[in-house]
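Asks: following is a predicted model, sequence given first.
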Amino acid sequence: MEDQTPATKVGPTDIKDDMVRREAKKATVWIGIASLFALTVLLAQPIMVIIGGIVLAAMIDGGQRLICRFAPWMPRGLRITVVLISAFAFLIWLVIFAGGQIAAQAAQLPNVIETQLIRLTIWAQGHGITMQDFNLQQIASQVLGSVGQVTRALGGIFGGFTTAFLIFILSIYFVLEPDLYRRGVGWMLPEDSRVRWEGTAQRMGKALRMLLFGRLLGMIVEGVATWALLAWWGVPMAALLGLLTGLLAFLPNIGAPISGLLMILVGFSVSNETGLFCIAVYVTVQTVDGNIIVPMVARRTVDLAPALVLGAQLVFGLLFGILGLMLADPIVAMIKIALERQAEKNTASRTPA
């Protein structure tokens, strides 16, 4: 019998078979990925707050860079202060001068939508369109519930103080010393990956600035144009509809149909001519935004497929709520840039010197 020293004896937890060892390693990797995903879902709210801080910091940084083009002599800290003061001034104006009117119009909107749904039901029945298999009252309640969520989301801008305050504080830290946090993340990476991380972070920052610039430009154009045209025609709740259109423009693919539907329903509550005018306003505003603003921004940022953005919005909205829905577009843009950078690295490593 062969003698074995204690140092060479196989323990009860040792795996001698190479195949079993490889499979155990694979299982460990998959378990780790599943655990990481579960941890991400568990910490969804703070993760979304951090990403929201990064996105808001990119918006502030984009504003100060725009000011730098016209006033390069101004210190960076002063430019950031100007951007923040301008944003606060707009919010104060919105609350003081427009808040009462918009709140009154928001209270009337559900009744207008309910009346239009009843009229639509009567019209459908008069033309032989029956819905015997559906509960029309339940459908109406669900639609009104969705409208209520939209109007409550408008109020949530001023009501979600805790989350908004945390995002704002994080964005200030990020925008004041971006190099500090970028180097901090790079320090946690392997040494040979730090230079590539710097390039990736720079590209992500530029893409976020352009993406958010396009979103803000689209929000302003759609909101102001909708309000001005509806007010000129005398459509009720023009201020509320313009504000909702501008805010919902931040959500590509989802926001425009919602705001358009609300606008058209309000228009037909006045007359058929007003309803047709609201349809014309919706088509005109969306055409200008889709054919001028979006292509102009897309040429200088990450070109995201609409189906990809819509799918990400559905997934992130389900997992992380309204904050995930709002941040789905920037998150997908950052993920795409990271994958492109990795693909460039793989291509360079396979190319012979």
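Replies: Arrived safely, thanks for sending.

Asks: got any ranges where the stretch 201-350 of the chain has weak pLDDT?
Replies: Within the stretch 201-350 of the chain, the stretches with pLDDT under 70 are 291, 294-303.

Asks: the residue lying closest to Val315 once chain neighbours are set aside and Leu251, how far apart?
Replies: Counting by C-beta to C-beta, 6 or more residues apart in numbering, Ala328 is the residue found nearest to Val315 once chain neighbours are left out, at 7.6 Å. From N, CA and C alone the C-beta is placed, and that goes for glycine too. In this structure, Ala328 and Leu251 are 9 Å apart, going by C-beta to C-beta, to the nearest Å.

Asks: gap between the two ends of stretch 189-196?
Replies: Separation of the first and last residues of stretch 189-196 by C-alpha to C-alpha, to the nearest Å is 10 Å.

Asks: surely the residue nearest to Val315 is in contact with Leu310?
Replies: No: Ala328 sits out of contact with Leu310 when judged by C-beta atoms under 8 Å, with a separation of 9.0 Å.

Asks: give me the more crowded residue out of those two.
Replies: Relative neighbour count places Ala328 above the other of Ala328 and Leu310, with 25 against 15, counting by other C-beta atoms under 10 Å.

Asks: show me the contacts for that one.
Replies: Neighbouring residues of Ala328 by C-beta atoms under 8 Å, 6 or more residues apart in numbering: 309, 312-313, 315-317.

Asks: where do the helices of the stretch 51-200 of the chain begin and end?
Replies: Secondary structure of the stretch 51-200 of the chain (DSSP state H, counting those that start in this stretch): helices located at 76-93, 99-126, 136-159, 161-176, 178-187, 194-233.

Asks: need the winner for burial among those helices.
Replies: Counting by mean count of other C-beta atoms under 10 Å, helix 194-233 has the highest mean neighbour count of these, with a mean of 18.

Asks: so what secondary structure elements neighbour it?
Replies: Taking 3 or more C-beta pairs under 8 Å, 6 or more residues apart in numbering; DSSP states H and E as contact, the helices and strands that helix 194-233 lies on are helix 44-70, helix 178-187, helix 238-248, helix 255-270, helix 272-288, helix 294-298, helix 306-350.

Asks: returning to that earlier point: show me which of the contacts of Ala328 are buried.
Replies: 309, 312-313, 316-317 (16 or more other C-beta atoms under 10 Å).

Asks: any chance of those residues in TSV, with distance to Gly242 too?
Replies: As requested, the buried ones among the contacts of Ala328 are exported to TSV (distance: C-beta to C-beta, whole Å):
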residue	distance to Gly242
Val309	24
Ala312	28
Gln313	23
Phe316	27
Gly317	24
